[in-house]
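Novice: I would like to see how this sequence folds:
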Amino acid sequence: MDNFVRDWCFLLVVAVLTSALVRPAVAREPLTGPQVKRSERAVIKVVSRTPTTEVHDVASRDAQVRILVEKTTPAVGVVILFAGGRGATMISPEGRIGQLAGNFLIRSRHLLWAQGLTTVVFDAPSDNEDDLRWIHDSEEFAADVGAVIRHLRKELKLPIWLIGTSRGTVAIANAASRLQKDKPDGVVFSATLFESGRFSDVFEFDLEKIALPVLIVHHRADACEVTPPGRVPTFRERLKAAQPLKVLWYEGGTPIGKPCRARHYHGFNTIEEQVIADVAAWIKKPAP
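Specialist: Numbering: from 1, shown residues only. Next up, the predicted model:
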């Protein structure tokens, strides 16, 4: 009887873990309706909000990359935002963010608008809509980012920067180190992921090839085990071709929740206004 109970409990645990890890794929809802327009590179749906908000499905490879474009007027530049965690923001055809809305960059978009920056929330390619951690380090993902940059340059005709936070810094390190023709005008690393664990980290890329303006933003009290502040000097040293290169350190704020969550020091909780103002000022006028 004891063996039977033990075996039954084991099978139950396996079933629960399997159901949690293996989630059925849900097809992304396409952009349809009278507000939709089509271009050579994308399908675009205009959403009635302020600032002017659009959902774009950008063609890349044999897939479409969904992005949320929020245009401020007048705009001096465009920032493409890469959230941490799984990375996929699950943007609906109506422009609603279904996942990671509390992420440092995602929740701070209004602060970027106030600085004259149009924001673009990067969601995911249609062939991997749920979890970008598996593809952040791939050539295909870098190509997806390049396709979005190429599309936005044609649509908006403004300088384009990549900003990543936490695991989103892996995404921008990949793109910045690989892209040549469709590279961004600069990159901003926020709460950079230095320790890989199960997935990739920024040190796995050819950082020496990033010949762009680079800004590194980090909190001195960041207690997340994969973003230790002590690794910033090594990261900076690897960025040999970056010009100009700057590190901004922060202190203070109000930590809430676990150390790797978006409302702890890791996500610059309650000091967002200062951090975003500094980032925007540097993007407008990069200097060592």
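Novice: for the nearest residue to residue 179 once chain neighbours are set aside, which three-state class applies?
Specialist: Closest residue to residue 179 apart from its sequence neighbours, by C-beta to C-beta, 6 or more residues apart in numbering: residue 146 at 4.9 Å. C-beta here means a position set from N, CA and C on the backbone, and glycine is covered the same way. What DSSP: H, G, I helix; E, B strand; the rest coil gives for residue 146 is helix.
Novice: quick one: contacts for residue 146?
Specialist: By C-beta atoms under 8 Å, 6 or more residues apart in numbering, the residues touching residue 146 are 60, 175, 179, 181-183.
Novice: by contact count, what packs against the helix or strand that contains residue 65?
Specialist: Using DSSP states H and E, residue 65 falls within strand 63-71. If contacts are counted by 3 or more C-beta pairs under 8 Å, 6 or more residues apart in numbering; DSSP states H and E, strand 63-71 sits against strand 52-60, strand 117-125, helix 139-156.
Novice: tell me the SS of the nearest residue to residue 268 once chain neighbours are set aside?
Specialist: Nearest non-adjacent residue to residue 268, counting by C-beta to C-beta, 6+ apart: residue 275, 4.9 Å away. The local conformation at residue 275, judged by three-state DSSP, is helix.
Novice: count the residues that sit near the residue nearest to residue 196 when sequence neighbours are not counted.
Specialist: In this structure, residue 196 finds its nearest non-sequential neighbour in residue 204, 6.9 Å apart by C-beta to C-beta, 6+ apart. Counted with other C-beta atoms under 10 Å, the neighbours of residue 204 add up to 14.
Novice: do I have it right that residue 204 meets residue 137?
Specialist: Yes: if you go by C-beta atoms under 8 Å, residue 204 and residue 137 touch, sitting 6.4 Å apart.
Novice: sorry, back to before: tell me which two of the contacts of residue 146 sit farthest apart.
Specialist: Greatest spatial distance among the contacts of residue 146 (C-beta to C-beta): 60 and 183, at 15.4 Å.
Novice: what about the helices in this protein?
Specialist: Using DSSP state H, the helices of the chain run over 2-21, 104-107, 109-114, 139-156, 168-178, 232-238, 272-284.
Novice: what number of residues lie near the closest residue to residue 228 other than its chain neighbours?
Specialist: Using C-beta to C-beta, 6+ apart and skipping the chain neighbours, the partner closest in space to residue 228 is residue 194 (6.2 Å). By other C-beta under 10 Å, the residues close to residue 194 number 20.
Novice: tell me who's in contact with residue 194.
Specialist: Listed by C-beta under 8 Å, 6+ apart, the contact set of residue 194 reads 201-203, 226-228, 231, 234-235.
Novice: got JSON lines for those residues, with distance to residue 260 and pLDDT too?
Specialist: Shown next, in JSON lines, are the contacts of residue 194 (distance: C-beta to C-beta, whole Å; pLDDT from 0 to 100):
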{"residue": "201", "distance to residue 260": "14", "pLDDT": "97"}
{"residue": "202", "distance to residue 260": "16", "pLDDT": "98"}
{"residue": "203", "distance to residue 260": "18", "pLDDT": "98"}
{"residue": "226", "distance to residue 260": "7", "pLDDT": "97"}
{"residue": "227", "distance to residue 260": "8", "pLDDT": "98"}
{"residue": "228", "distance to residue 260": "11", "pLDDT": "98"}
{"residue": "231", "distance to residue 260": "15", "pLDDT": "98"}
{"residue": "234", "distance to residue 260": "20", "pLDDT": "98"}
{"residue": "235", "distance to residue 260": "18", "pLDDT": "98"}
